[in-house]
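>>> task: produce atomic coordinates for the following.
(chains A and B)
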There are 2 protein chains.
Amino acid sequence: MDNRERILEAARELFAAEGLTVPMREVARRAEVGPATLYRHFPTKEILVTEAFTDQMRTCHVVVDEGLADPDPWRGLCSVLEKLCELHSRDRGFTAAFVSAFPKAVDFTAGRDYTLRAIAELAGRAKDTGELRADFVFDDLILVLMANNGIQAASPAAQVAASRRFAALVIQSFRAAPEQPPLPPVARLALVVPGKTL
Amino acid sequence: MDNRERILEAARELFAAEGLTVPMREVARRAEVGPATLYRHFPTKEILVTEAFTDQMRTCHVVVDEGLADPDPWRGLCSVLEKLCELHSRDRGFTAAFVSAFPKAVDFTAGRDYTLRAIAELAGRAKDTGELRADFVFDDLILVLMANNGIQAASPAAQVAASRRFAALVIQSFRAAPEQPPLPPVARLALVVPGKTL
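Numbers count the residues shown, from 1 in each chain, chains lettered A, B, ... in the order given. Below is the predicted model of the structure:
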């Protein structure tokens, strides 16, 4: 494995375990490279985050594009929810990055914005067909991804199983039904601003 | 504030921020007492956890007793879910303790077992009236508490608001409805065994 790959792997592990606030020098130490090598490959932490999660972001885009292509928007939305919960349950570092606010515009945020806009579009269509509850709001999606991230199981397989069950429950809760009591007010979930070390 | 209260406050803060694995010496340092003082008041971490969360555990018992006393078990269960999510969202340290396995029997686990048994009883009654979905299992409750713990908002007030909306969604997902698709298999959520430092 070359230095670049070693750094990316160390970054993914550390982001998963400790979130994005982990210092760059810690990444260098875990990857067993000097700081100069780290900064030559990844001049900023934003760039490191973007590169570390390129595959996951690409998967996100495939998932939402497939959802949008489904002629049944509710089915498309359910599929997106299931797949995103699973993707995030496999990689907590990706979730940490996904729910973080970045001080500067980076490719990662552009990729995330594409994903979120696509889900918003899909949710709008699913409301139009009357299958998604009318009081669903976008923050509910962030709420679900954060909640999905709180689930802790004893093994990666149990983690994914727990996340699947959770996604199925979430889908039930989003489905419009007769005589549904209104939801309590929306909580604005500001994206998490990682520590100053970003 | 006397030493005992200072230690309990430091413990609650550290458990909330870092979970139960935080070393005892760290608690002593934060409380600005020597290790001897800490151990004189709280000979083991289990005792410290139990004492730190006495009030929260008492609230849990009041909440489940009220739920059981409700003549409508589904309404009782919904109220328990709402109140537990809110209680846990106000104190992450308590959630960390609640979902932890303790190597030795302690008063904290006895209090938790009382809470969990009461909810199981209430869930059984709510299934009998047909309002709770038949495939609800006990691990779903643990799943919900863990998920509730993953929600991060910018302020304590936003945190509680987010948790309220989450609880309302969860209640929707637990309600029995006609033509409900079956849930994916149950994920066994082993209680988290805290690090060896416990």
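
>>> secondary structure element for A:Met146?
Using DSSP states H and E, the element containing A:Met146 is helix A:138-150.

>>> from the contact counts, what lies against the helix or strand just after that helix?
Next helix or strand after helix A:138-150 toward the C-terminus (DSSP H and E): helix A:156-174. In terms of contacts (3 or more Cβ pairs under 8 Å, 6 or more residues apart in numbering or on different chains; DSSP states H and E), helix A:156-174 is packed against helix A:73-90, helix A:138-150, helix B:138-150, helix B:156-174. From N, CA and C alone the C-beta is placed, and that goes for glycine too.

>>> closest to A:Asp2 out of the ones you listed?
Nearest of the helices and strands packed on helix A:156-174 to A:Asp2, taken as Cβ to Cβ: helix A:73-90 at 24.4 Å.

>>> what's the average pLDDT for that closest one?
For helix A:73-90, mean pLDDT is 95.

>>> what does it rub up against?
If you take Cβ atoms under 8 Å, 6 or more residues apart in numbering or on different chains as the criterion, helix A:73-90 is touched by A:56, A:59-60, A:63-64, A:66-70, A:94-95, A:98, A:119, A:122-123, A:125-126, A:128-129, A:131-132, A:144-145, A:148-149, A:151, A:156, A:159-160, A:162-164, A:166-168, A:170-171, A:174-175.

>>> make a PyMOL selection of whichever of the residues you listed turn out to be buried.
Those of the contacts of helix A:73-90 that count as buried under 16 or more other Cβ atoms under 10 Å in any protein chain shown are selected in PyMOL with:
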select buried, chain A and resi 56+59+60+63+64+67+68+70+94+95+98+119+122+123+125+126+131+132+144+145+148+149+151+159+160+162+163+164+166+167+168+170+171+174+175
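
>>> how far off centre is stretch A:102-113?
Averaging C-alpha positions (Cα atoms, centre = their mean, to the nearest Å) puts stretch A:102-113 13 Å from its chain's average.

>>> now do that stretch: distance from first to last residue.
12 Å (Cα to Cα, to the nearest Å).

>>> shaky segments in chain A?
A:105, A:190-198 (pLDDT under 70).

>>> list the contacts of the residue in it that chain B sits nearest to.
Relative to chain B, the nearest point of chain A is A:Gly150 (2.2 Å; Cβ to the nearest Cβ). Contacts here follow Cβ under 8 Å, 6+ apart; on that basis A:Gly150 touches B:146-151.

>>> what sits closest to it if chain neighbours are left out?
Leaving aside its sequence neighbours, A:Gly150 sits nearest to B:Gly150 (Cβ to Cβ, 6 or more residues apart in numbering or on different chains; 2.2 Å).

>>> how much distance is there from the longest helix anywhere in chain A to the middle of the chain?
In chain A, taking DSSP state H as the definition, the longest helix is helix A:107-128. Relative to the mean C-alpha coordinate of its chain, helix A:107-128 is positioned 12 Å out (Cα atoms, centre = their mean).

>>> that helix and chain B, are they touching?
No. Taking Cβ under 8 Å from any Cβ of the partner chain as the criterion, helix A:107-128 and chain B are apart, separated by no less than 14.5 Å.

>>> now that helix: buried residues?
Using 16+ other Cβ under 10 Å as the burial criterion, the residues of helix A:107-128 that qualify are A:108-109, A:111-112, A:115-116, A:118-119, A:122-123, A:125-127.

>>> by how many degrees do it and helix A:73-90 diverge?
Counting by axes from the mean of the first three to the mean of the last three Cα atoms, to 10 degrees, helix A:107-128 lies at 150 degrees to helix A:73-90.

>>> could you chop chain A up by domain?
Listed by automatic domain parsing, the domain ranges of chain A are A:3-51, A:54-174.

>>> could you dump those domains to CSV with distance to B:Arg4?
Formatted as CSV, the domains of chain A follow (distance: least, Cβ to Cβ, whole Å):
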stretch, distance to B:Arg4
domain A:3-51, 32
domain A:54-174, 31
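
>>> got the phi/psi numbers for the residue nearest to A:Gly76 when sequence neighbours are not counted?
Beyond its immediate neighbours in the sequence, the residue positioned closest to A:Gly76 (Cβ to Cβ, 6+ apart) is A:Asp70, lying 3.3 Å away. Here is the backbone geometry of A:Asp70 (degrees, to the nearest 10): phi -70, psi 130.
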